[in-house]
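[1] for reference, the sequence and a predicted model appear below.
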Amino acid sequence: MPIYEYECSKCGKVFEAMQKVTDKPLARCKYCNGKVERLISNTSFQLKGSGWYVTDYARKPAADSGESGDKSAAKGDKKTTEAPETKPAKKEKTPSKD
């Protein structure tokens, strides 16, 4: 259940109320019976990074595992394969119109 924050216009107190999403918002202060207004609060969590578990939180390989060479290539990582070198295309000579 979400926790909603309310502020009383009469006594100025700010309080929280645990309510279902389908419940109607509170109308009266539980302390002085004054009129209350629901506040918009900051969330208690932050989303950072690209948001993908594999790139942000996946377990990193051990630094000292005793393997030699490229560790990611040993695990079959396709990103480590290099593309073959390509030569620039030859420019065709065009006859000059002099």
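    That came through, no problem. Numbering: from 1, shown residues only.
[2] what helix or strand is A17 located in?
    According to DSSP states H and E, A17 maps onto strand 14-18.
[3] mean confidence for that strand?
    Strand 14-18 shows a mean pLDDT of 94.
[4] skip the chain neighbours and tell me the closest residue to K35.
    Leaving out its chain neighbours, the residue that sits closest to K35 by Cβ to Cβ, 6 or more residues apart in numbering is S9, at 5.1 Å. Every residue, glycine included, has its C-beta placed from N, CA and C.
[5] check E7 too.
    V14 (4.9 Å).
[6] so what's D23 up against?
    Taking Cβ atoms under 8 Å, 6 or more residues apart in numbering as the contact definition, D23 lies against nothing.
[7] look up how far Q46 lies from it.
    Using Cβ to Cβ, to the nearest Å, D23 is found at 27 Å from Q46.
[8] can you check L26 too?
    Applying Cβ to Cβ, the value for L26 to Q46 is 28 Å.
[9] again, but for C32
    Separation of C32 from Q46 (Cβ to Cβ): 35 Å.
[10] go on, M18?
    With Cβ to Cβ as the criterion, M18 and Q46 are 22 Å apart.
[11] the more surrounded of those two?
    M18 (9 against 6; other Cβ atoms under 10 Å).
[12] is it true that that one touches I3?
    Yes. M18 is within contact range of I3, at 5.2 Å (criterion: Cβ atoms under 8 Å).
[13] where in the protein is the helix or strand with the lowest mean pLDDT?
    One helix or strand of the chain scores below all others by mean pLDDT, DSSP states H and E: helix 71-74, with a mean of 48.
[14] which regions of this structure lie under the pLDDT threshold?
    Along the chain, segments meeting pLDDT under 70 span 49-98.
[15] sorry, back to before: for the residue nearest to K35, what are its contacts?
    Taking Cβ under 8 Å, 6+ apart as the test, what S9 contacts is 34-37.
[16] chain neighbours aside, what residue packs nearest to R38?
    Distances taken as Cβ to Cβ, 6+ apart place P25 nearest to R38, at 5.0 Å, with adjacent residues excluded.
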